[in-house]
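In: Need coordinates for the below:
(one chain, ligands or ions: 2)
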Amino acid sequence: MATNFDVRLETLTGRAAQAFASTRLDDSANIVSGARTFYLETFGCQMNDHDSEKVAGVLLRRGYRQVETPAEAQLVLYNTCSIREKAAQKVFARLGDMKIMQGTGKWIGVLGCLAQQEGEEFFERTPWVNLVCGSASYRKLPALLAELEAGNSRVAGLDTDTDETFETELTRRDNPVRAYITIIEGCDKSCSYCVVPFTRGPERSRASAAVLEEVRQLADSGFTEIQFLGQTVNSYRDSSPRRMSFAELLVAAAGVAGIRRVRFTTSHPRDFGRDIVEAIEATPQLCDHVHLPVQSGSTRVLSAMRRTYSRYEYLDKVALLKSARRPISMTTDIIVGFPGETESDFDETLTLMDAVQFDGAFTFSFSPRPNTDAQHLPDAVSEEEKAIRLAVLMQRQREIQQKRNDALVGETFEVLADGASRREGQWAGRTSSNRVVNFTSAAPVALGEYLQVRITKAGPNSLVGERAI
Ligand code: 5AD
Ligand code: SF4
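Out: Numbering: from 1, shown residues only. Ligands and ions are numbered 1, 2, ... in the order given. Here you go, the predicted structure:
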């Protein structure tokens, strides 16, 4: 992942700046003549983004220095995604571009989900690849790197039958205001369309004490917002005898001195209970936002997807969230065109969206994936029909978001400033509900600062405002 520490430092203030300064010192301390260099590009989800931060940490610890282009690098790494066909194609295109580097002495490595899915096939299909390592094997990365450095030109880490999680001594943080913490890796849910259980292996939760220690370290280095990550984050099962529940872990993290915002994603509806809503209600530091993928509004399709809940059970979870003492914003993921999805199934998705009024939705067209049961299901929906359904869904959701955001005009929210906006003289930040706010301020704004912003205008995807005080 290309990062420019200097640019970021200019806009950082206070303790967060010190944290980055020390990372940067670590980094520049490794700039010795002849030191190895790496380039790292990340595709896909936040889990991958955060894995890349840890991979960068492992490399920095080994004396590598990060560079901005593959041309400058001794080691070129792609941390890949294979959730949909398009994501996989993008990676193959990138690897195709690297063919000209063959014979130049560079090492090319493929990490992440596509690495796990295709395995040693990469050595056949793209023989200029030297390293293939799936996310469940990242603990082996130092050993794999040592093999490369020793002259072995084809090394692979592809086990998924592991109970290990990926812990590092150093994690190089790319986001200056939000720190990610993986609390559970892998997935045991086996949704019929999804590659994740194959690419990331079985669920492994970290011990609560290790998670909370990381929260404390992040707070000490100046972070005020943390986000717990997991493919099914709320399926967390403390792997230590302390046996903290997910909700208890959230509350404990929120209680760490210096932490002002705790987020978590992605939640699975099956494991989403009242205790999580009660924790949010009782703990101001727990952000009022839940990402709860529904995937479809039709019980018939949900059952074919093996989502383990019906439309009505999902709506019960929504009712739980809507009954909370403070408003909790809800976002979701939806797939259209699952095999066998009829017009009437699709209508049920639309009526569910009307009923729930999501604040945001990631919408996807079904993509058949290797190893999954859904790829063999009959009654495929045509690409044309999928495109129509996707467009209808997105338009409906856009209208819902516009209406919901319009209702916020005139209100004032606490916003965490996280960057300059695209417009000159404007800043960007997020509310606790995870809405993006572009705002103006007469006084200077520091990255990582919390300020009150009055909303003056609303679009479907973001709000506009002015600093209130
Ligand atoms: N086709 C389309 N969308 C998919 N997703 C996962 N697998 C597929 C697939 N095969 C979507 C789901 C999931 C999100 C991360 O990606 O909505 O929640
Ligand atoms: Fe994939 Fe389902 Fe696991 Fe989510 S819960 S990662 S969609 S198998």
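In: Tell me the spacing between the residue of the stretch 301-450 of the chain found nearest ligand 2 and Lys90.
Out: Using CB to the nearest ligand atom, the closest approach of the stretch 301-450 of the chain to ligand 2 is made by Arg307 at 7.3 Å. C-beta here means a position set from N, CA and C on the backbone, and glycine is covered the same way. Spatial separation of Arg307 from Lys90 under the definition CB to CB, to the nearest Å is 27 Å.
In: neighbour-wise, which of those two wins?
Out: A side-by-side neighbour count of Arg307 and Lys90, using other CB atoms under 10 Å, places Arg307 first with 23 against 17.
In: Could you pull up the contacting residues of Ile280?
Out: Shown in contact with Ile280 (CB atoms under 8 Å, 6 or more residues apart in numbering): 250, 286-288, 290, 324, 326, 328.
In: how about Ile108, phi and psi?
Out: Ile108 adopts backbone torsions of phi -110, psi 130, taken as degrees, to the nearest 10.
In: neighbours around it, how many?
Out: With neighbours defined by other CB under 10 Å, the count for Ile108 comes to 22.
In: That one contacts Asn130, correct?
Out: Yes: here Ile108 lies in contact with Asn130, judged by CB atoms under 8 Å, at a distance of 5.6 Å.
In: Low-confidence regions, the chain specifically.
Out: Scanning the chain with the threshold set as pLDDT under 70 gives 1-34.
In: If we use 90, what do you get?
Out: Scanning the chain for pLDDT under 90 picks out 1-35, 101-105, 160-165, 167-170, 419-425, 469.
In: who does the top helix by length along it touch, helix- and strand-wise?
Out: Once the chain is assigned using DSSP state H, the helix that runs over the most residues is helix 383-406. Judged by 3 or more CB pairs under 8 Å, 6 or more residues apart in numbering; DSSP states H and E, helix 383-406 is in contact with strand 329-336, helix 343-356, strand 360-365, strand 450-458.
In: what comes up buried for the shortest one?
Out: I take that to be strand 360-365. Under the neighbour-count criterion of 16 or more other CB atoms under 10 Å, strand 360-365 has 360-361, 363-365 buried.
In: cool, the first one as well?
Out: Buried positions in strand 329-336, judged by neighbour count with 16+ other CB under 10 Å: 329-332, 334-336.
In: is ligand 2 contacted by it?
Out: No: using CB under 6 Å from any ligand atom, strand 329-336 stays clear of ligand 2, coming no nearer than 7.9 Å.
In: Now look at stretch 360-369 and say if it contacts ligand 1.
Out: Yes: on the criterion CB under 6 Å from any ligand atom, stretch 360-369 is in touch with ligand 1 at 364, 366-367, 369.
In: neighbour-wise, which of those residues leads?
Out: The most crowded member of the residues of stretch 360-369 next to ligand 1, judged by other CB under 10 Å, is Phe366 (23 neighbours).
In: show me what contacts whatever residue of the stretch 201-350 of the chain ends up closest to ligand 1?
Out: Across the stretch 201-350 of the chain, no residue is closer to ligand 1 than Asp333, which sits at 3.4 Å (CB to the nearest ligand atom). Taking CB under 8 Å, 6+ apart, we find Asp333 in contact with 266, 291, 293-295, 361-364.
In: 10 Å instead?
Out: Asp333 makes contact with 266, 291-295, 361-364, according to CB atoms under 10 Å, 6 or more residues apart in numbering.
In: Can you give me the distance of it to Thr349?
Out: Using CB to CB, we find Asp333 at a distance of 12 Å from Thr349.
In: who touches both of those two?
Out: 294-295, 363.
In: Format these as TSV; extra columns: distance to ligand 2.
Out: Formatted as TSV, the entries for the shared contacts of Asp333 and Thr349 read as follows, by distance: CB to the nearest ligand atom, whole Å:
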residue	distance to ligand 2
Val294	11
Gln295	7
Thr363	14
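In: Let's have the buried residues of strand 329-336 in CSV, adding distance to Tyr193.
Out: Formatted as CSV, the entries for the buried residues of strand 329-336 read as follows, by distance: CB to CB, whole Å:
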residue, distance to Tyr193
Ser329, 26
Met330, 22
Thr331, 20
Thr332, 16
Ile334, 12
Ile335, 7
Val336, 12
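In: Which two among these are spaced furthest apart?
Out: Spatial extent of those (CB to CB) is set by the pair Ser329 and Val336 at 22.9 Å.
In: Spell out which parts of the stretch 201-350 of the chain neighbour ligand 2.
Out: By CB under 6 Å from any ligand atom, the residues of the stretch 201-350 of the chain that approach ligand 2 are 231-232, 268.
In: Sorry, wrong one. I was asking about the stretch 51-200 of the chain.
Out: 187, 189-191, 194, 196-197.
In: I'd like to know how many residues surround Glu343.
Out: When counting by other CB under 10 Å, one arrives at 9 neighbours for Glu343.
In: Please tell me how far it sits from Arg389.
Out: Distance check for Glu343 against Arg389: by CB to CB, it reads 9 Å.
In: And for Met47?
Out: Applying CB to CB, one obtains 28 Å for the distance of Met47 from Arg389.
In: Contact partners for Val233?
Out: Each residue near Val233 by CB under 10 Å, 6+ apart is listed here: 47, 182-184, 205, 227, 246, 250, 263-268, 271, 291.
In: no no, Arg178
Out: With contact set as CB under 10 Å, 6+ apart, Arg178 has these partners: 46, 223-227, 261, 263, 416, 418, 430, 448.
In: Please apply the same query to Ala219.
Out: With contacts taken as CB under 10 Å, 6+ apart, Ala219 has the following neighbours: 15, 179, 226, 253, 256-260.
In: buried subset of those?
Out: The neighbour-count criterion (16+ other CB under 10 Å) marks 15, 179, 226, 253, 256, 259-260 among the contacts of Ala219 as buried.
In: sorry, back to before: what's the overlap in contacts for Ile108 and Asn130?
Out: Taking CB under 10 Å, 6+ apart as the contact criterion, the common neighbours of Ile108 and Asn130 are 75-76, 122.
In: among the buried residues of strand 360-365, which two are most distant?
Out: Distances among those were taken as CB to CB; the most separated pair is Gly360 and Ser365, at 18.0 Å.
In: hang on, the earlier thing: can I get the helices and strands packed on helix 383-406 in CSV including distance to Asn175?
Out: Shown next, in CSV, are these (distance: least, CB to CB, whole Å):
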stretch, distance to Asn175
strand 329-336, 19
helix 343-356, 29
strand 360-365, 19
strand 450-458, 16
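In: hang on, Lys189 packs against Ser267?
Out: No: with contact taken as CB atoms under 10 Å, Lys189 and Ser267 are classed as non-touching, separated by 11.9 Å.
In: which neighbours do those two share?
Out: Contacts common to Lys189 and Ser267, judged by CB under 10 Å, 6+ apart, are 232, 235.
In: Tell me what the residue of the stretch 201-350 of the chain closest to ligand 1 is bridged to.
Out: Asp333 has the following beta-bridge partners by DSSP bridges: Phe362.
In: now, which of the buried residues of strand 329-336 sits nearest Val356?
Out: For Val356, the closest of the buried residues of strand 329-336 turns out to be Met330, at 6.6 Å, with distances computed as CB to CB.
In: rewinding a little: what are the buried residues along the longest helix of the chain?
Out: Neighbour counts using 16+ other CB under 10 Å place 385-386, 389-390, 393, 396-397, 400-401, 404-405 of helix 383-406 among the buried residues.
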